[in-house]
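Participant: Predicted model and sequence follow; I will ask about them next.
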Amino acid sequence: TRLVAWSYKTCPGVVADIRVHDYVWMNVAKMIEMAAIDPTCWKECMTLGPHQTDFADAASGCKLRPDEGIDAISSLAPGSTAANYLVGGGNTVYAWLTQWLADNLGYDVSSLVGLPFDWRLSPDMTEERDGFLTATRKRIEAAVQSNGHPGIMVAHSMGNVVFRYFLEWLRVQLKEEAYARYKRAEKQEKLKAKPSAAAAAENPLPVPGWIHSVSSALPALPALPSLMEPTTTGLLQSVEELWTQLFPPEEGGGAAGEPPPETATRPPPPAPPASATEDAFRELAEIEGEEAWREWIDHHVWTYVGLSAPLLGASGPMRSVISGENMGLPVDDLVAREMELSFGSTNTVNMISTRSGWDGAPGDAKNRARLASLRRIVDDIEEAEGEKAWDDYRTLRLLLRDGVDWDVDHPVLEIDTERCAEGGGPAAVEDTVTITPADVENGNIFDEFAKVWHEKDAPLLVKKNQLEDSFWYTDFPNILNHTWDRPPIKHVIMSYGVDISTEISYKYTKQIHDGAVPPEYDGVPTLRSVVSEEEGGALVEQTLDRPRDSSLRSKILKRKTPPRRLIRPANETTLPHSGDGTVPYISLAWAHTWLLHSA
């Protein structure tokens, strides 16, 4: 999505000022100025303030917002040959798809809806700052109402994770809306009963219906099994069943929830404790909201098309916040890191372990049960057809039966601490810390790096706080500590490229020199080698003897890259492809497990 300036920022020297309505991401003129003169002004404008906010003063930063409409997501710098040179094919996003749909299927502005968002923000902040999730719901509803039939949702790269977040957000919203309806009904019944307490005692209010209103004079509530955990009798199947448990028929009376016959002389039962009533409303809202969520999806989304979806995250964002990643721009990695540390979106695509579905996360029993069901299907297939069942499904076998994970052949990240003898000589590895996918999920990766490298203001610990605020302490389960099940959408199409060299692992090295006075701060972690997956699934390692030079001069001179060595050839025990250049194959291929969900 293109980002547009909504504040004026004065830039020093000969660099042009940034004005309201200027494109900042991407602006080719700014890219050239940045490469040739000074990147500071542009970097300050792109960087977010504390807690992913705008800077209060224009001297520190500027106010950026996503551009609007289909054009905002068609290309980053439309009509710019220079942009294609700087960022390659990444300049064109949805332009080709829009063109094809218009030419071949007659789509136009009445039937195509763009949903641009500020890709720097974590999904929760897109809602808090811009109301993006609410606007997405309203735009989809309006488009479906206007066109008379459900739509096709197309998401690209990180947009797939945002779509996943949107679905979970919507689920919570609909449950809260159901709860609010019960509370309003309760209030209305209390208002009806208020004018005459004596009359109410003589004619107790009936319970008028199972969904629209609730009496203020309810019978004592029985203990309820939790709807989220298995019980000896199974889960409650419907709101009606729950209502029957809450309001059993009176002895000698009619159906559940109906008043006793007129001949009954019993006084009205006392009102239940407020906490019990609240629990009942929550139980009812949970069931009603879940049903409403599925109905909303059925009514509004006919097909979901995921393009280059990082279903298990990606490796690159970790590199970007630990040591910097310039995203193909003509800036140094360290300059890019200053921006990327402020972006909440880097956590959005943190890697997710395939083991998290089996080992489980706190409160995630449902996810474990679903994956266990898939594994039972795998066992049944193998028992019926033997080993030949996997001849055409190697990826599915490796992911579900063999449990291949990110670190099956190589650590996700490694930190070596080397000690260098006084006076020179080879360095000796004194300690090695291995980072696992689970360390990324729980944020331990930031603690481990902060123990080794002492940076001013502890930016990696700030990054961990950002992860906690956006994904741990929210109104719905953390989507980054368990794998994504196939969404309940009629048709799902996942499309991605393969067999392009894709980074999957990194090694960092810190050197300690005997006899030297240790500095107060260590500086940025030093990246020493990168492991990439190659065509067919082989792994190669590239050792970096110096920081990457991303200057315009380096691009023009096309300096040689460091040599690479094969560390694992492709074989039958490895995934059969590499990723798409950004997302590793294991993350793209998790969609194979969705093939069994319908079974």
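Facilitator: Perfect, I can see it now. Residues are numbered from 1 along each chain as shown.

Participant: how far away is Glu176 from Asp298?
Facilitator: 20 Å (C-beta to C-beta, to the nearest Å). Every C-beta, even on glycine, is put in place using the N, C-alpha and C of the backbone.

Participant: Repeat that for Thr98.
Facilitator: Distance from Thr98 to Asp298, by C-beta to C-beta: 27 Å.

Participant: Please apply the same query to Val20.
Facilitator: From Val20 to Asp298 the distance is 43 Å (C-beta to C-beta).

Participant: now swap in Asp332 and tell me
Facilitator: 50 Å.

Participant: Who has more neighbours out of the two?
Facilitator: Taking neighbours as other C-beta atoms under 10 Å, Asp332 and Asp298 compare with Asp332 leading, 16 against 13.

Participant: Looks like that one contacts Glu325 (just checking).
Facilitator: No: Asp332 is beyond contact range of Glu325, at 10.9 Å (criterion: C-beta atoms under 8 Å).

Participant: May I have the secondary structure class of Arg65?
Facilitator: Secondary structure assignment for Arg65 (DSSP: H, G, I helix; E, B strand; the rest coil): strand.

Participant: right, and it touches Trp6 too?
Facilitator: Yes: using C-beta under 8 Å, Arg65 is in contact with Trp6, at 5.3 Å.

Participant: Quick check on the two: which one has the bigger neighbour count.
Facilitator: For the pair Arg65 and Trp6, the greater number of neighbours falls to Arg65 (17 against 13), based on other C-beta under 10 Å.

Participant: per-residue pLDDT, that one?
Facilitator: In the predicted model, Arg65 carries a pLDDT score of 95.

Participant: what's the burial count for Val498?
Facilitator: If you count neighbours by other C-beta under 10 Å, Val498 ends up with 19.

Participant: Helix or strand: which one has the residue lying closest to it once chain neighbours are set aside?
Facilitator: Excluding the flanking residues, the one nearest Val498 by C-beta to C-beta, 6 or more residues apart in numbering is His577, at 4.0 Å. Here His577 sits in a region with no helix or strand, counting by DSSP states H and E.

Participant: residues in contact with His577?
Facilitator: Residues near His577 by C-beta atoms under 8 Å, 6 or more residues apart in numbering: Val498, Asp499, Glu535, Gly536, Gly537, Tyr585, Ala589.

Participant: isn't the fourth one right next to Leu575, touching?
Facilitator: Which is Gly536. No: the pair Gly536 / Leu575 is not scored as a contact, 9.5 Å apart, by C-beta under 8 Å.

Participant: Can you pick out the residue with more neighbours from the two?
Facilitator: Between Gly536 and Leu575, counted using other C-beta under 10 Å, the more crowded position is Leu575 (23 against 15).

Participant: Hmm, Tyr585 and that one touching each other?
Facilitator: Yes: assessed by C-beta under 8 Å, Leu575 is found in contact with Tyr585 at 5.4 Å.

Participant: Give me the common contacts of the two.
Facilitator: Contacts common to Leu575 and Tyr585, judged by C-beta under 8 Å, 6+ apart, are Gly537.

Participant: Contact partners for the nearest residue to Cys41 once chain neighbours are set aside?
Facilitator: The shortest distance from Cys41 to any non-neighbouring residue, by C-beta to C-beta, 6+ apart, is to Cys11 (3.7 Å). Going by C-beta under 8 Å, 6+ apart, Cys11 touches Asp17, Ile18, Cys41.

Participant: Report the mean confidence score over the host helix or strand of the last one.
Facilitator: Read it as Cys41. Here Cys41 sits within helix 40-46, counting by DSSP H and E. Averaged across helix 40-46, the pLDDT comes to 88.
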